[in-house]
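S.K.: Pasting the sequence and the predicted coordinates here, then a few questions.
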Amino acid sequence: MTKYVSLDVETTGLNLPALVYKGKRREQASNLDEPKVDEVIQLAIIDHTEEVLFYDSFKPSKRASWKAAEAINSISPESVAHKQSFSRRLEEIQSIVNRADILIAFNADFDLQFLHAEGVCLRQKPYICAMEMFAQASSARKRKGGRAEFKSLAACASFFGLSAEGAHNALVDARTTLSCYKKMTHDERFSAQQKIWNCHTLEAPQMQGRHKTFSCHRITPDNSGKGSWCVHNKGFK
């Protein structure tokens, strides 16, 4: 039996420390002083009942401004100037992650790699990428070169008739992700595509998986947030 949580991060941009992809921790990444390295500035984690386990913003330590990201997530330097740094909240966040059996996120590789870069220890934590689950089975998807095209969270919500109003706020997106995930688990087109990846390596299969092996698990969840494990191992070479 297992419990799952839905999470979402907002960041100052899209640039991760390069060494994160080699399994290094944030403090080991020597390029953190480069202005192009981005940070988490908002995080939300909710459980299967939508109870808020964590929701707050952070003052970044390496970026003074992030105009492109601000235009999307509406998080300004002034709005987080009085906030604590991510590192000051790390112990609290780590405790929540440790108690969760499975993490769910939309474009999970993005969120989890940023959390990893901020120092969150994932320790082979299983996770589900709702974006991949939707892309692989959506009848509305388009094919490019024989591969599924990944769509936005707003597009996924629209497909199921859900509202995505207030998108790019971490709490709103975590709730929308959870709602979409629940819809997919009750639709055979999507539930058949559900995979649980293991965080023993953080490179995304669709990005770096040609030379990596991932553990792939299946789970049949219900509205209680629990489900039965049926484990399979699948290699991506």
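M.R.: Okay, I see it. Numbering: from 1, shown residues only.

S.K.: What's the local residue count around Gly119?
M.R.: 14 (other CB atoms under 10 Å). Placement of C-beta: from N, CA and C, glycine included.

S.K.: wait, Val80
M.R.: 18.

S.K.: Show me what the helix or strand containing Ala135 packs onto, helices and strands only.
M.R.: Ala135 belongs to helix 130-137 when assigned by DSSP states H and E. Counting contacts by 3 or more CB pairs under 8 Å, 6 or more residues apart in numbering; DSSP states H and E, helix 130-137 is packed against helix 108-117, helix 153-159, helix 170-185, helix 188-191.

S.K.: My reading is that His168 lies in a helix. Confirm?
M.R.: No: according to DSSP: H, G, I helix; E, B strand; the rest coil, His168 belongs to no helix; its state is coil.

S.K.: do you know how far the spatially closest residue to it that is not a sequence neighbour is from Gln94?
M.R.: Of all residues not flanking His168 in the chain, Asn73 sits nearest, at 4.3 Å (CB to CB, 6 or more residues apart in numbering). For Asn73, the distance to Gln94 equals 24 Å [CB to CB, to the nearest Å].

S.K.: Quick check on the two: which one has the bigger neighbour count.
M.R.: Asn73 (18 against 15).

S.K.: Any chance of the helices and strands packed on helix 130-137 in a markdown table with mean pLDDT as columns?
M.R.: Shown next, in a markdown table, are the helices and strands packed on helix 130-137 (pLDDT from 0 to 100):
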| stretch | mean pLDDT |
| --- | --- |
| helix 108-117 | 92 |
| helix 153-159 | 93 |
| helix 170-185 | 95 |
| helix 188-191 | 74 |
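
S.K.: Nearest approach to Tyr4 belongs to which of these?
M.R.: Across these, Tyr4 has its closest neighbour in helix 170-185 (8.4 Å, CB to CB).

S.K.: Alpha carbons of the closest one, as CSV, please.
M.R.: What follows is helix 170-185, C-alpha atoms only, in CSV (Å, rounded to 0.1, in the frame of the first residue of the first chain):
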residue,chain,number,x,y,z
ALA,A,170,3.0,26.3,-7.5
LEU,A,171,-0.1,25.5,-5.4
VAL,A,172,-2.5,26.0,-8.2
ASP,A,173,-0.4,23.8,-10.5
ALA,A,174,0.1,21.1,-7.8
ARG,A,175,-3.7,20.9,-7.4
THR,A,176,-4.3,20.9,-11.2
THR,A,177,-1.7,18.1,-11.6
LEU,A,178,-3.4,16.0,-8.9
SER,A,179,-6.8,16.5,-10.5
CYS,A,180,-5.5,15.6,-13.9
TYR,A,181,-3.8,12.5,-12.5
LYS,A,182,-6.9,11.3,-10.8
LYS,A,183,-8.8,11.7,-14.0
MET,A,184,-6.2,9.7,-15.9
THR,A,185,-6.2,6.9,-13.4
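
S.K.: which helices and strands does that helix pack with?
M.R.: strand 4-11, strand 40-47, strand 52-57, strand 102-105, helix 130-137, helix 153-159, helix 188-191.

S.K.: Please repeat the previous calculation with a cut-off of 6 Å.
M.R.: strand 4-11, strand 40-47, helix 130-137, helix 153-159 (3 or more CB pairs under 6 Å, 6 or more residues apart in numbering; DSSP states H and E).

S.K.: Residues contacting that helix, please?
M.R.: Contact with helix 170-185 is made by 6-8, 10, 42-44, 46, 50, 55, 104, 106, 130, 133, 153, 156-157, 160, 162, 164, 166, 190-191, 221, as judged by CB atoms under 6 Å, 6 or more residues apart in numbering.
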